[in-house]
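J.: Sharing a model prediction with you, sequence too.
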Amino acid sequence: MRIVPPTEAEARAGLRALKVILSSDGHLNPIEERTLAATQAHILRTDIDVSTLPPITPEQLSAEVARPEIREQLAGAFIIHSFASG
């Protein structure tokens, strides 16, 4: 599978969405934090302080991530990252 690099804005929006999913219990646990850090280091090639990111609504995510290939990758990330939450 070829990974299409997201833009900075798409990466930020995706991280905001992942943070919403992973912190649905009110916080990010250490495994969730490490999973997001690994995603940034090895896939996104970003260094965004996730703790400072505000939540994102589905409507905002849809507006900020319009490319179908990035949406598909993000859907896969939602599934993979959900395993970090147990």
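T.: Right, received. Where do you want to start?

J.: where along this protein do the helices fall?
T.: 8-22, 30-39, 58-64, 68-82 (DSSP state H).

J.: for the third one, the distance to its chain's centre please.
T.: So that's helix 58-64. Taking C-alpha atoms, centre = their mean, to the nearest Å, one finds the center of helix 58-64 at 13 Å from the center of the full chain.

J.: again, but for stretch 3-11
T.: Relative to its chain's centre, stretch 3-11 lies at 10 Å (C-alpha atoms, centre = their mean).

J.: That stretch spans what distance, first to last residue?
T.: Counting by C-alpha to C-alpha, to the nearest Å, you get 13 Å between the two ends of stretch 3-11.

J.: ok, and what's touching that stretch?
T.: For stretch 3-11, contacts defined as C-beta atoms under 8 Å, 6 or more residues apart in numbering pick out 14, 43, 44, 45, 46, 48, 64, 65, 67, 69, 70, 73. (Glycine included, C-beta is placed from N, CA and C.)
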